[in-house]
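Colleague: With the sequence up front, the predicted model follows.
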Amino acid sequence: MPWKECSVMDERLRFVAKLLDGESMSGLCREFGISRKTGYKIFNRYKESGLEALSDRCRRPVRYANQLPPQIEALIVSCKREKPHWGARKIRELLVRRLDQDLRIPAKSTIHAVLHRHDLVKGVGRHRHRATGTPLSAGAAPNDLWCADFKGEFKLGNGRYCYPLTVTDHASRFLLMCEALESTREDTAITAFEQLFRERGLPAAIRSDNGVPFASPNALFNLSKLAVWWLRLGIDIERIKPGHPQQNGRHERMHLTLKKEATRPPGVNSLQQQARFDQFVSEFNLERPHEALAMQTPAQAYCGSPRPYTGLPDISYPLHDRDVMVTACGRICMYRKRISLSHVLAGQRVGIKEVDEGIWIVSFMHYDLGYIDLEQKTLQPLDNPFGPRVLPMS
């Protein structure tokens, strides 16, 4: 296998894992197309500094439990099954003794996360939905599912750009909103959605792509402040897979019509363009029949949501030891130690519960975020319930 077929980080991990599994250095160097000198250099770095030594040319995070070499993870699981009543702290000590300092031992929070993924530790008293990627609902009834997106920006007659924010009801095709915004900033999007919620009520779920402001590529679980606000309101998040716009096909089809009838030529300024959008929305909802609706108009198929918008509800954590407010910089303080969560959770309350000696689980609403190791002052994230991959925390 060529050495650069996959990412450098993945190849180094596979190389080290095979060495740990007993394969010969010479054979592996031939298989990976590297010299024995390079092979020994990689393995010696791993023995001296652990996983961090393999990432010196890679920006991907290496602290996650699902990136441990399979042999190390299997050893952790085996130790737990031998000592079912032992926690992460004691199992880590057992690994230290068995490996005799030949390898760097994972942190307690990493060990606990491995045990959690293998269902070898107790949760916080309730079933936690395991992430399998973002599920997409059927959205069969009005307000079961709204679809949101920014149609591609275009230049107005005065030279400024327009960013149309659009929202449709999936079942009825009703065009709920088409706002001519000047940017994709979160604060302007939140203002627009708040006005929409006041007028139409709250949906059960909102489907979007993975772009700003619906998601944040550098935040915990790809969450954005807009997405966190939706979660606080009891709105489920749905995200299409990157590169699969057909998963929001009805909304994209509306965009084609919008572009043809309301943006060519563009308005002179944003006010004129908004007037054209308003006219398009009225015609689209009240006059245009749809074959998929048995030639009804969207307005005939849509009705307002029975869930009124009344602001943010309070959060409580009765199953946790206590709740903590996330600071403006995205941290929580525990025993005079600061642990970074994510800036998108700033101002939110999270619940914390000690599940093992020195190991705490952190939850936001009914979502378990990860485990805190107070000694290392880090968060070990769990599976991502909001997207197909786990990204670094901001």
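Modeller: Yep, it's here.
Colleague: Assign a three-state SS to the residue positioned nearest the centre of the chain, would you?
Modeller: Nearest to the mean C-alpha position of the chain, counting by C-alpha atoms, centre = their mean, stands residue 221 at 2.7 Å. Classification of residue 221 by DSSP: H, G, I helix; E, B strand; the rest coil places it in helix.
Colleague: Model confidence at it, what's the number?
Modeller: Looking at residue 221, its pLDDT stands at 88.
Colleague: and it, how far is that from residue 381?
Modeller: Residue 221 sits 7 Å away from residue 381, going by C-beta to C-beta, to the nearest Å. All C-beta atoms are positioned from the backbone trio N, CA, C, and that covers glycine.
Colleague: how close does the residue nearest to the centre of the chain sit to residue 150?
Modeller: Taking C-beta to C-beta, one finds residue 221 at 21 Å from residue 150.
Colleague: residue ranges of the helices in this structure, please?
Modeller: Assigned by DSSP state H, the helices in the chain fall at 8-20, 25-32, 36-49, 70-82, 88-99, 108-117, 186-200, 225-232, 249-262, 270-286, 298-301.
Colleague: Tell me what angle the second one forms with helix 8-20.
Modeller: Counting by axes from the mean of the first three to the mean of the last three C-alpha atoms, to 10 degrees, helix 25-32 lies at 150 degrees to helix 8-20.
Colleague: can you pull the buried residues of helix 25-32?
Modeller: 28-29, 32 (16 or more other C-beta atoms under 10 Å).
Colleague: CA atoms of that helix as CSV?
Modeller: Output in CSV follows, covering the C-alpha atoms of helix 25-32 (Å, rounded to 0.1, in the frame of the first residue of the first chain):
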residue,chain,number,x,y,z
MET,A,25,9.4,-4.4,11.1
SER,A,26,11.0,-5.5,7.8
GLY,A,27,7.7,-6.8,6.3
LEU,A,28,5.7,-3.7,7.4
CYS,A,29,8.3,-1.3,5.9
ARG,A,30,8.0,-3.1,2.6
GLU,A,31,4.2,-3.1,2.8
PHE,A,32,4.1,0.7,3.5
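Colleague: other SSEs contacting that helix?
Modeller: helix 8-20, helix 36-49 (3 or more C-beta pairs under 8 Å, 6 or more residues apart in numbering; DSSP states H and E).
Colleague: any idea how far it is from the chain center?
Modeller: 37 Å (C-alpha atoms, centre = their mean, to the nearest Å).
Colleague: Can you check what angle separates it from helix 36-49?
Modeller: 110 degrees.
Colleague: So for helix 25-32, mean pLDDT?
Modeller: 83.
Colleague: what's that helix in contact with?
Modeller: Residues outside helix 25-32 that contact it (C-beta atoms under 8 Å, 6 or more residues apart in numbering) are 1, 3, 11, 15, 18-19, 35-36, 38-40, 43.
Colleague: What's the separation between the residue nearest to residue 72 when sequence neighbours are not counted and residue 272?
Modeller: Distances taken as C-beta to C-beta, 6 or more residues apart in numbering put residue 106 closest to residue 72, at 7.0 Å, once the chain neighbours are dropped. Using C-beta to C-beta, residue 106 is found at 60 Å from residue 272.
Colleague: Can I get the helix or strand bottoming out on mean pLDDT in the chain in PDB? Just the C-alpha atoms.
Modeller: Scoring the helices and strands of the chain by mean pLDDT, DSSP states H and E places helix 8-20 at the bottom, with a mean of 75. Coordinates of each C-alpha in helix 8-20 appear next as PDB, following Å, rounded to 0.1, in the frame of the first residue of the first chain:
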ATOM      1  CA  VAL A   8      -0.300  10.500   7.200                       C
ATOM      2  CA  MET A   9      -1.900  10.200  10.600                       C
ATOM      3  CA  ASP A  10      -4.100   7.200   9.600                       C
ATOM      4  CA  GLU A  11      -1.100   5.500   8.000                       C
ATOM      5  CA  ARG A  12       1.100   6.000  11.100                       C
ATOM      6  CA  LEU A  13      -1.600   4.600  13.400                       C
ATOM      7  CA  ARG A  14      -2.000   1.600  11.200                       C
ATOM      8  CA  PHE A  15       1.700   1.000  11.000                       C
ATOM      9  CA  VAL A  16       2.200   1.200  14.800                       C
ATOM     10  CA  ALA A  17      -0.900  -1.000  15.400                       C
ATOM     11  CA  LYS A  18       0.400  -3.700  13.200                       C
ATOM     12  CA  LEU A  19       3.800  -3.600  15.000                       C
ATOM     13  CA  LEU A  20       1.900  -3.900  18.300                       C
END
